[in-house]
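Participant: Kindly return the folded structure for what I paste below:
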Amino acid sequence: MSSKRGSTSSSVEKRLSLVGNDDGDPYAINGMHFNRDMFISKIIQEYPLDKLMQTETLLIREIKDLDSDMQTLVYENYNKFILATDTIRKMKTDFKEMEDKMSLLSENIAKITQSSTKIAGSLQEKREKVSKLSSIHDHLKKLNFLFELPNTLKQYSEECNYEEAVRSYLNGLQYMDQYNKFPSLEAINLDCADIIAGIRANLYKEFDDEEKSSQDLTRNVSLLLNLKEEPSLLAEKFLGNALPKLNVNLDSLRISNNTNVPLDEFMELSCGIFLSNLSLVIASFSQAFIQSAELTEDSRQESQEALKTFAQGLIDEFLVVMESRLTTEVKEVTQQEAEFRETFLKALDRLYRRLMAMGTLMPNTDFTTLGMTLISKITKLDAELSLSRIKQCYEKSVKESGFELRSHPGSSQEILGSILATLVGQMKSGLNKLQDYTHSDYHFSQNSEFRQKMAIVTVREGLVVESFKYLINFGNKLMENGPCDSLIWLLVAKLYLDIEMGTVAYMVNSVEADYDIKREKKNTQWSLTNVTEIISSFNSTAKKLVEEFVSSQGNQLAELMKDAILNQDLISSGKEPIGPQLQMRKVIEILTLMEKYIDFIFPDTDPLAYIKSEKSSDSSKRSYSTLPSGGLTSKTGPLQRPNWSNLDPNMSSNIQKLFSEKVEIFGEVGFQKSAILMSIVKIGLRALLEIVRMKTIGKEGLHQIQVDVQYLQLYLWKFVNNEGFLYFLLDEILSSSIQRCVNPVQLESTMVEILAEKNTS
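Facilitator: Numbers count the residues shown, from 1 in each chain. From the prediction side, this is the model:
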């Protein structure tokens, strides 16, 4: 209906141009200032007849709509109007009744007030008498209490009802102060003091009774404090009573500190009995002294220090016993199943929770810190045990690898893989065990400082980094301990290169991810070992091991070559050579076997570095027989000697050295078979050269050296990666032999070749 009315009104307004607005306009038909006469007069003057008729029709229609709306509203709200009328009528009636009642109440109150005034006036004199009599009665009552006080105290003392005795005595003291002007009360005071002295003595005597608990003695302390006894003396007596019983608990704990007593039973003796009894003593002492309202602040502070000293001494002894048992237990639990380890960790958590609870009983103490320190020691020991197992397994694997490699040379990669897998497996096993300490079920693992210290000091540095440092030290000690199976040096060197390539970074990164260790975060308390330094140490140790292997094998060949010269009478033997010496053949045999082993450990990565199939047979037929006259010639060799026939042989050799490439004997050794063998050969030939330069040689001795050098040339080319170096050293040996020969008549090259090839089988 309202929407219909709104549409009609708006249509009228649209048709009436004189509607205007509501700002005081008399022509605004819906405004407050609308003037009908002015409106009618204006539209009659301005509108034509048809528009006036139309306007009339619209106005009549709107009036009817408004009437209809009004009727509808009345019908819809009729019941509400009736109810409102009844409510107003009822309210008028209720207010009338209430007004009558208020008037009546006011009259009654006035009458009561009047009666009360009359009664108070009549009783004033009697009230004063009653008050006076009541005061006299109170005095008589107090005096009677004082006169009966000695008998009362004596009765309470006989009944051991010391609480009531002290309470009555303290009340009596107040009354005595009030009536101290009566001399007769002095005797009563003395009698009471004697009785209280006896009660005081009995209360002190109970401190020596071992059957009395700390809770029982709390009552004694409270009573004696009320009697103004010295707090420090009472504190000493209180703690002195508790100490023997706690020492008995500690002695029982020490007796049970052996593996014959199960861990659960031991923890019950420690946490369930000793710490529980100590906690009761601390709680009772705090209630009696520290929380007592009878003491001054200084006395409370002094009592707190006494309790702290008492508890700290016992806790220190207790933790010594606990550390001894838990240390033994952690060594046992590392060899047992997971459920035993869980029992052990629960025992640690129980101990920590009890110490933490004691810390809440005694503020400003470090019981929780002491417990955390003990747990940190246990975790460190666990890490050290894991490290020890890693060392044992590694040393055993390395020792066995030498025998395995000798019996199965081709299995070197499998051996290396097995050692590395065992090493990583042992490290992961240790890490998994240490991870148990950080389980969220254990309260001590929620300590952020413990987690951070364990992650950095115990796990990362104590286990992982220390394992790698041990491996590096093992490699160094392997060289320091003198001769052993030299192949182990190569095997360990190869292992260290494999570890360097990825194992170090993998293990360290895994730990840092598991324990949320940030390398970039500066930690002033615990430093982090640089991973790059560890990797570099593995590389340098591997180089040292290879160099030690080269030195050892090179010296072995050098000894054989030196024996070939030193054990022969090269100046006056008078015997022509019949073939290469046994030592020279032994050198080739050793190199042949060594090549096989080295090839499986450090094969040549560049196939072009060591291709035997492309070495010409002419290289092996190079003759070392006519050095001064025609130089050393090789049809295909890399070195060609010029003809120095018109010069003195010594000068010819020296001039040739000026134009020859320098041979570095003790240079850096690469991690390849060809480089390793070349270094070994250089050491052997250099030793042979030096011993030749020290010997005086006859003609037959020169012929033998020619044959030996030719023999070496026939086979050494297979083991070197630079024939130029090889030929240079052989040239040097033969040249030095000629210089040291008293009769340098050389054997024909053809004969040298025949003799060198004669006994090679």
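Participant: So Gly371: helix, strand or coil?
Facilitator: Under DSSP: H, G, I helix; E, B strand; the rest coil, the three-state class of Gly371 is helix.
Participant: That should have said Thr259, apologies.
Facilitator: With three-state DSSP as the basis, Thr259 sits in coil.
Participant: check contacts around it.
Facilitator: Thr259 makes contacts with Thr328, Glu332, as judged by CB atoms under 8 Å, 6 or more residues apart in numbering. Quick note: C-beta positions are derived from backbone N, CA and C, even for glycine.
Participant: That one and Ser324: what is the separation?
Facilitator: 12 Å (CB to CB, to the nearest Å).
Participant: remind me which residues of the stretch 301-450 of the chain are low pLDDT?
Facilitator: 333-338, 409-410 (pLDDT under 70).
Participant: Spell out, range by range, the strands that occur in this protein.
Facilitator: For the chain, no strands turn up when DSSP state E is the criterion.
Participant: Check it for its longest helix and report it.
Facilitator: helix 78-158 (DSSP state H).
Participant: any idea how far Met358 lies from Leu239?
Facilitator: 16 Å.
Participant: What residues of stretch 308-317 count as buried?
Facilitator: Neighbour-count burial for stretch 308-317 flags Lys308, Phe310, Ala311, Leu314, Ile315 (criterion: 16 or more other CB atoms under 10 Å).
Participant: likewise stretch 730-745?
Facilitator: By neighbour count with 16+ other CB under 10 Å, stretch 730-745 contains the buried residues 730-741, 744.
Participant: With stretch 372-382 instead?
Facilitator: By neighbour count on 16+ other CB under 10 Å, the buried set for stretch 372-382 is Met372, Leu374, Ile375, Ser376, Ile378, Thr379, Lys380, Leu381, Asp382.
Participant: just stretch 269-288 next, same as before
Facilitator: 269-271, 274-279, 281-286, 288.
Participant: So what touches it?
Facilitator: Residues outside stretch 269-288 that contact it (CB under 8 Å, 6+ apart): 213-215, 217-218, 221-222, 225, 234-235, 238-239, 242, 245-246, 249-250, 252-253, 256, 303, 307, 311, 314-315, 318, 321-322, 350-351, 354-355, 357-358, 361-362.
Participant: So for this structure, the centremost residue is which one?
Facilitator: Computing the C-alpha centroid of the chain and ranking residues by CA atoms, centre = their mean puts Ala455 first, at 2.2 Å.
Participant: Tell me the spacing between that residue and Glu512.
Facilitator: Per CB to CB, Ala455 is found 8 Å from Glu512.
Participant: residues in contact with Phe602?
Facilitator: With contact taken as CB under 8 Å, 6+ apart, Phe602 is in contact with Leu490, Lys494, Val546, Phe671, Gln672, Lys673, Ile676.
Participant: Mind putting those into JSON lines with neighbour count?
Facilitator: JSON lines is the format used below for the contacts of Phe602 (neighbours: other CB atoms under 10 Å):
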{"residue": "Leu490", "neighbour count": "27"}
{"residue": "Lys494", "neighbour count": "22"}
{"residue": "Val546", "neighbour count": "28"}
{"residue": "Phe671", "neighbour count": "17"}
{"residue": "Gln672", "neighbour count": "20"}
{"residue": "Lys673", "neighbour count": "24"}
{"residue": "Ile676", "neighbour count": "27"}
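Participant: Next, check those against the helices and list the overlap.
Facilitator: Within the contacts of Phe602, residues falling in helices by DSSP H are Leu490, Lys494, Val546, Lys673, Ile676.
Participant: Per-residue pLDDT of the first one, please?
Facilitator: In this model, Leu490 is scored at 81, pLDDT.
Participant: That one against Ile601, yeah?
Facilitator: Yes - at 5.0 Å, Leu490 and Ile601 qualify as touching, with contact defined as CB atoms under 8 Å.
Participant: And the ones in helices among the contacts of Phe602, which is closest to Asn77?
Facilitator: Using CB to CB, Lys494 comes nearest to Asn77 of these, at 105.4 Å.
Participant: ok, the closest one - contacts?
Facilitator: Going by CB under 8 Å, 6+ apart, Lys494 touches Ser412, Leu416, Ala542, Ile601, Phe602, Phe671.
Participant: Tyr78: which of the residues you listed is nearest?
Facilitator: Leu416 (107.0 Å).
Participant: For that closest one, which non-adjacent residue is closest in space?
Facilitator: Nearest-residue entry for Leu416: Leu495, 5.5 Å, with adjacent residues in sequence omitted and distances by CB to CB, 6 or more residues apart in numbering.
Participant: For the one you found, grab the count of nearby residues.
Facilitator: 28 (other CB atoms under 10 Å).
Participant: Now that it has come up, it's in contact with Gly417, right?
Facilitator: No - contact status for Leu495 versus Gly417: not in contact, 9.7 Å apart, counting by CB under 8 Å.
Participant: Show the pLDDT at the residue nearest to Leu416.
Facilitator: As predicted, Leu495 sits at a pLDDT of 86.
Participant: Can you tell me how far it is from Ile676?
Facilitator: Look at Leu495 and Ile676: by CB to CB, they are 16 Å apart.
Participant: Please apply the same query to Glu164.
Facilitator: From Glu164 across to Ile676, the span is 101 Å (CB to CB).
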